[in-house]
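Visitor: Next one to model:
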Amino acid sequence: MQDAPLLFDRPALHLRRSRAARDATLFMQEAVADEVQERLIEVNRTFTAPAVVTGWPQVWTARLPDARIVADDETLAFEVGAHDLIIHHLALHWANDPVGQLVQSRRALRPDGLLIATLFGGQTLHELRSAFAEAESRIQGGLSPRVAPMAEIRDLGGLLQRAGLALPVADGAQFNVSYASALHLMRDLRGMGETNVMGARLRTATRADVLRLAAQIYHDSFADSDGRIPATFEVVTLTGWAPDHSQPKPLRPGSATHRLADFLGTGEGKLDPTQD
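Guide: Sure, this is the predicted structure:
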């Protein structure tokens, strides 16, 4: 049986990143790394064996100088139980097997070790996607595989449980960036190494007329009063812990010792809508 084609062309991703590294645009990598550091402060725990999975190690060398840097390859270069903290940083959306990435990370954690994974979510670049979709439909009569499918936050939380992580949490935040034009945005995406590497993508350059029309549609649909266009980056953060006996456990169904009605001060099933 022939293997199904991979969603992402990983060699192309590495090539795009290598080209971008000459003049990298890392403001999103930096901003999300700052958010992760704030979360670690809130955890209020000292981690002695951290690791960071990333395609941009320079973002983390000053932040976590003692961390082991691991390339976001399909097979992560981890040892079992070697780390008490793993940060999987803005790379999971390029994984052909995201659950496998989380499973590998969980196996590399010590009991009660923490995983924080960040990735771009489903609302990312929705403006650019809609502009290109309309432009291609008008000129070519159809759509090409151009923007990678990105998962919604409601679906991503389940990945943590599938990977065997405890106390799973998924939440999202939007970063809104403005540009002079769609062409300026696309230049930044090249500098981020975040351009199209879908396995089914067209292997020819985008037609100039499609590019011009997409830029015009983007401006006409989204530009503000100053003529600048917005670009949305949705970042989803997944947090989970390697299972450990010390962690809190959910109560068994039917084990409650008090009725909800007792706390509400109402009759059974009769919440008074006039109460504050």
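
Visitor: what's in contact with the host helix or strand of residue 210?
Guide: Per DSSP states H and E: residue 210 is located in helix 208-222. If you take CB atoms under 8 Å, 6 or more residues apart in numbering as the criterion, helix 208-222 is touched by 127-128, 130-132, 134-136, 138-140, 181-183, 227, 229-230. C-betas here are computed from N, CA, C, even on glycine.

Visitor: Only alpha carbons, please: show it as PDB.
Guide: Presented in PDB, the C-alpha positions along helix 208-222 are these (Å, rounded to 0.1, in the frame of the first residue of the first chain):
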ATOM      1  CA  ALA A 208       1.700  38.500 -11.000                       C
ATOM      2  CA  ASP A 209      -1.900  39.300 -11.800                       C
ATOM      3  CA  VAL A 210      -3.100  37.100  -8.900                       C
ATOM      4  CA  LEU A 211      -0.600  38.700  -6.600                       C
ATOM      5  CA  ARG A 212      -1.700  42.200  -7.600                       C
ATOM      6  CA  LEU A 213      -5.400  41.400  -7.300                       C
ATOM      7  CA  ALA A 214      -5.000  39.700  -3.900                       C
ATOM      8  CA  ALA A 215      -3.200  42.800  -2.600                       C
ATOM      9  CA  GLN A 216      -5.900  45.100  -3.900                       C
ATOM     10  CA  ILE A 217      -8.700  42.900  -2.400                       C
ATOM     11  CA  TYR A 218      -6.800  42.800   0.900                       C
ATOM     12  CA  HIS A 219      -6.600  46.600   0.900                       C
ATOM     13  CA  ASP A 220     -10.200  47.200  -0.100                       C
ATOM     14  CA  SER A 221     -11.600  44.700   2.400                       C
ATOM     15  CA  PHE A 222      -9.500  45.400   5.500                       C
END
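
Visitor: any chance you could map the strands in the stretch 51-200 of the chain?
Guide: In the stretch 51-200 of the chain, the segments counted as strands under DSSP state E, counting those that start in this stretch are 68-70, 83-88, 109-120, 166-179.

Visitor: out of these, deepest packed?
Guide: strand 83-88 (a mean of 25; mean count of other CB atoms under 10 Å).

Visitor: picking that back up, show the average pLDDT along the helix holding residue 210.
Guide: Helix 208-222 shows a mean pLDDT of 96 in the predicted model.

Visitor: Let's have the strands of the stretch 51-200 of the chain in JSON lines, adding mean pLDDT and distance to residue 207.
Guide: Listed next are those as JSON lines, based on pLDDT from 0 to 100; distance: least, CB to CB, whole Å:
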{"stretch": "strand 68-70", "mean pLDDT": "98", "distance to residue 207": "39"}
{"stretch": "strand 83-88", "mean pLDDT": "98", "distance to residue 207": "36"}
{"stretch": "strand 109-120", "mean pLDDT": "97", "distance to residue 207": "26"}
{"stretch": "strand 166-179", "mean pLDDT": "96", "distance to residue 207": "22"}
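
Visitor: export those to CSV and tack on distance to residue 191?
Guide: Below are these laid out as CSV (distance: least, CB to CB, whole Å):
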stretch, distance to residue 191
strand 68-70, 21
strand 83-88, 22
strand 109-120, 16
strand 166-179, 13
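
Visitor: So for residue 196, which of those strands sits nearest?
Guide: Between residue 196 and these, the tightest spacing by CB to CB is seen for strand 109-120, at 13.5 Å.

Visitor: quick one: strands adjacent to that closest one?
Guide: strand 83-88 (parallel), strand 229-241 (antiparallel) (DSSP bridges).

Visitor: right, and residue 229 touches residue 182 too?
Guide: Yes - using CB atoms under 8 Å, residue 229 is in contact with residue 182, at 6.2 Å.

Visitor: Out of the strands of the stretch 51-200 of the chain, which is closest to residue 6?
Guide: For these, the distance to residue 6 is smallest for strand 109-120, at 17.7 Å, taking CB to CB.

Visitor: Could you tell me how far the closest one lies from the centre of the chain?
Guide: 13 Å (CA atoms, centre = their mean, to the nearest Å).

Visitor: mind starting the numbering at 188 from now?
Guide: Noted, 188 is the first residue going forward, which turns the last one into strand 296-307.
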